[in-house]
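Undergrad: Need a 3D model of the following:
(chains A and B)
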Amino acid sequence: MTSSNDGVLNELEKDALKEIINIAFGKAAASLADVIGLYVILNVPKIEILLPEEVQRFISAEIHESKGLNIIEQYFIGKIKGAAFLVLSYESSKQLISLLPGEENKEMFEFFSIAMLEQETVTEIGNIIIGACVSKIADFLKDFVTYTPPRFIGGKFSHNDLPQKIFDRESYVIVLKTIFQFENRDISGFLFLVNSFESINWLKQAIKEYLKQYGYE
Amino acid sequence: MDMNEQYVVQVCNMLNTGIVILDKDFKVHYWNRWMEIHSGIPLGKITGIPIFDFFPNLNNPKFLRNCKSLFTFGNYYFLSQKLHTYIFPFHPVSASEFNFEFMQQSGSMFPLRGESGEIKYICLAIHDVTEMVSYEQKLLEMARRDILTGIYNRRFLEERMKEEFEKHRRYNRPLSLVIFDIDHFKHINDTCGHQYGDYILKSVTTAAKPCLRTVDTFARYGGEEFCCILPETHLTAALTVAERLRNAIATQEYFFNDTIIRATVSVGVSEVCENITTPDALFKGADDALYEAKKTGRNKVVSINNLNRLS
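TA: Purely as a prediction, here's the structure:
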């Protein structure tokens, strides 16, 4: 985007980070298949270095549509710190719910609207998908993270403020945008991982270790 | 932090929250006094025993999936009362006050890590939310019901219509709507008084109810107009229901000052089809049919199809 933040990670480091994330996501996909019985393809992430206030505009622009979306938000705290936003279309959420064992018989809940129950289920699944991706990156950094409860933030991405407890207003965030897709199914969505600048040292260290094997010092 | 274990145990036992710690084989490692009180099972009797031996209801795909996720990813998991209603089948604390078979619970699950960071146990924290849920349900009931007749109100009808339409669209299932209106209701009100009008509204509701299934949504749309959403129902079947409704109401005897009087309804019926693809169009179709029934003599059923032939 802007030239001022290009120095945070150079092109080589960005490429290495992409590879690291891909390896982590490969493991996440395998574990997800084990946990929810569905195989997920996680594509090569797009990496952007942004200022905290640019995140909302960036995500809104990347998802192109503002209607019919379900967004699940969760914060994670470890050596890497940040926020995860899982974005699913309304249709994809419904199809996803229908594929999960133990999610049938929704009609029996007379009292609450079906929409509300779907929202709760999507949040549960979002929690698992986010957990898989974040924990595998943390594994790579020999770190473990704790999470805040997942939160359903409804149809529109409208976050003006990322929490100050996690994000320093003055410094950059590293945004990883990933498209995920369920194998053989017409279900896909986006995962945005917004990492605080504090994470950068750990990431750089991991990148350095990773590059060593290719003879970069 | 240098916290003596004995204090931690005391805290756990004083909490108004159930604490359960499970190992990888779902065996109970610990549970606190709250769990002892509500289950009637002392810690000593359950320690080392798989939780499913005592609570087979937890042995379901969802719970197993989330435990697996916790052990694999170390994430945090919230058990919503709305989805689960309860986690452990305990009696409500004040059974007479609340109309629930089981204590309503919400809970959370999180990993407990050993010294080297590996996940050794998962911990469940259980909250009694019966009182809150009871208030929530009362409020929801009040927001959904028509105060006079006790059937659903227009707000709920429209909400349900959206959901039924969604189902129709997703599974391509038939969907019909019946609208009926009490004939000459204004006249009844004017000559017999509003109290008598209220009595007629209630009686008509009572007469109509047995003609409908539990999956149908029966609501007072406004004034003397009523609506029934009939899911999984084609027009022909909906017309049968409509005719049954009309007949039940017309043959019912209504008493006024020791004299029996009759009330009748005019009925309009429509079904989702090529030309009717939105809730509004479905309402309009049934309403047009109802208008036709009023125009052509009252105490009768008119279908959207008859209407098409007329125009």
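Undergrad: low pLDDT regions in the stretch 101-250 of chain B?
TA: Of all residues in the stretch 101-250 of chain B, none has pLDDT under 70.
Undergrad: Helices of that one, residue ranges please.
TA: Secondary structure of the stretch 101-250 of chain B by DSSP state H, counting those that start in this stretch: the helices cover B:130-144, B:154-171, B:185-192, B:194-208, B:235-251.
Undergrad: Adding distance to chain A and mean neighbour count, write those helices out as CSV.
TA: For glycine as for every other residue, the C-beta is placed from the backbone atoms N, C-alpha and C. Shown next, in CSV, are the helices of the stretch 101-250 of chain B (distance: least, C-beta to the nearest C-beta, whole Å; neighbours: other C-beta atoms under 10 Å in any protein chain shown):
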stretch, distance to chain A, mean neighbour count
helix B:130-144, 6, 14
helix B:154-171, 6, 16
helix B:185-192, 31, 15
helix B:194-208, 20, 17
helix B:235-251, 20, 19
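Undergrad: give me the residue from chain A nearest chain B.
TA: A:Gly131 (3.1 Å; C-beta to the nearest C-beta).
Undergrad: and the residue of the stretch 201-311 of chain B nearest chain A?
TA: B:Val215 (8.6 Å).
Undergrad: Next one: that residue from B:Asp280, what distance?
TA: For B:Val215, the distance to B:Asp280 (C-beta to C-beta, to the nearest Å) stands at 22 Å.
Undergrad: Okay, buried residues for stretch B:212-227 please.
TA: If you call a residue buried by 16 or more other C-beta atoms under 10 Å in any protein chain shown, then stretch B:212-227 has these buried ones: B:Leu212, B:Asp216, B:Thr217, B:Phe218, B:Ala219, B:Arg220, B:Tyr221, B:Glu224, B:Glu225, B:Phe226, B:Cys227.
Undergrad: just those residues now: which is nearest A:Pro45?
TA: B:Thr217 (46.3 Å; C-beta to C-beta).
Undergrad: I'd guessed that closest one sits against B:Tyr152; true?
TA: Yes: the criterion here is C-beta atoms under 8 Å, and B:Thr217 meets it with B:Tyr152 at 6.2 Å.
Undergrad: How many residues are close by the residue in the stretch 51-200 of chain B positioned nearest to chain A?
TA: Per C-beta to the nearest C-beta, B:Asn75 is where the stretch 51-200 of chain B lies closest to chain A, at 3.1 Å. Neighbourhood size, B:Asn75 [other C-beta atoms under 10 Å in any protein chain shown]: 26.
Undergrad: Show the pLDDT at it.
TA: We have a pLDDT of 84 for B:Asn75.
Undergrad: what bits of chain A have low per-residue confidence?
TA: Using pLDDT under 70, chain A drops low at A:1-7, A:64-67, A:101-114, A:155-166, A:168-170, A:217.
Undergrad: circling back to that earlier point, filter the buried residues of stretch B:212-227 down to just the ones in strands.
TA: B:Thr217, B:Phe218, B:Ala219, B:Arg220, B:Tyr221, B:Glu225, B:Phe226, B:Cys227 (DSSP state E).
Undergrad: want to throw those residues into a markdown table with distance to chain A?
TA: Output for those, formatted as a markdown table (distance: C-beta to the nearest C-beta, whole Å):
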| residue | distance to chain A |
| --- | --- |
| B:Thr217 | 11 |
| B:Phe218 | 14 |
| B:Ala219 | 15 |
| B:Arg220 | 19 |
| B:Tyr221 | 20 |
| B:Glu225 | 24 |
| B:Phe226 | 21 |
| B:Cys227 | 18 |
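Undergrad: What is the most widely separated pair among these?
TA: B:Thr217 and B:Glu225 (14.7 Å).
Undergrad: who touches both of B:Thr217 and B:Tyr152?
TA: Overlap of the contact sets of B:Thr217 and B:Tyr152 (by C-beta atoms under 8 Å, 6 or more residues apart in numbering or on different chains) consists of B:Arg160.
Undergrad: Quick check: bridge partners of B:Gly268?
TA: Beta-bridge partners recorded for B:Gly268 (DSSP bridges): B:Ile179, B:Val302.
Undergrad: which ones are touching it?
TA: Residues in contact with B:Gly268, defined by C-beta under 8 Å, 6+ apart, are B:178-180, B:285-293, B:301-304.
Undergrad: cool, and A:Ile47?
TA: Applying C-beta under 8 Å, 6+ apart, the residues contacting A:Ile47 are A:Leu9, A:Lys14, A:Leu17, A:Lys18, A:Ile174, A:Val175, A:Leu176, A:Lys177.
Undergrad: any idea how far A:Ser135 is from the third one?
TA: When distances are taken as C-beta to C-beta, A:Leu17 and A:Ser135 turn out to be 17 Å apart.
Undergrad: repeat for the fifth one
TA: The spacing between A:Ile174 and A:Ser135, counted by C-beta to C-beta, is 18 Å.
Undergrad: Also the second one?
TA: According to C-beta to C-beta, A:Lys14 and A:Ser135 sit 23 Å apart.
Undergrad: more neighbours, these two?
TA: Neighbour count, other C-beta under 10 Å: between A:Lys14 and A:Ser135, A:Ser135 has more, with 25 against 18.
Undergrad: which SSE is the more buried one in?
TA: If you go by DSSP states H and E, A:Ser135 is part of helix A:114-140.
Undergrad: Same check on B:Ala293?
TA: helix B:279-295.
Undergrad: orientation of that helix relative to strand B:217-222 in degrees?
TA: Orientation note: helix B:279-295 sits at an angle of 70 degrees relative to strand B:217-222 (axes from the mean of the first three to the mean of the last three C-alpha atoms, to 10 degrees).
Undergrad: Briefly note if helix B:279-295 comes near chain A.
TA: No: figure legend: helix B:279-295 not in contact with chain A (C-beta under 8 Å from any C-beta of the partner chain); closest approach 14.9 Å.
Undergrad: buried ones in stretch B:107-120?
TA: For stretch B:107-120, burial by neighbour count (16+ other C-beta under 10 Å) applies to B:Gly107, B:Ser108, B:Met109, B:Phe110, B:Pro111, B:Ile119.
Undergrad: filter these down to the ones close to chain A.
TA: For chain A, the contacts drawn from the buried residues of stretch B:107-120 by C-beta under 8 Å from any C-beta are B:Ser108, B:Phe110.
Undergrad: Would you reformat the buried residues of stretch B:107-120 as a markdown table and include distance to B:Gln6?
TA: Output for the buried residues of stretch B:107-120, formatted as a markdown table (distance: C-beta to C-beta, whole Å):
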| residue | distance to B:Gln6 |
| --- | --- |
| B:Gly107 | 26 |
| B:Ser108 | 25 |
| B:Met109 | 26 |
| B:Phe110 | 23 |
| B:Pro111 | 24 |
| B:Ile119 | 25 |
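Undergrad: and which of the buried residues of stretch B:107-120 is nearest B:Thr233?
TA: Within the buried residues of stretch B:107-120, the smallest distance to B:Thr233 is 39.9 Å, found for B:Gly107 (C-beta to C-beta).
Undergrad: Having no further points to raise, I will conclude here.
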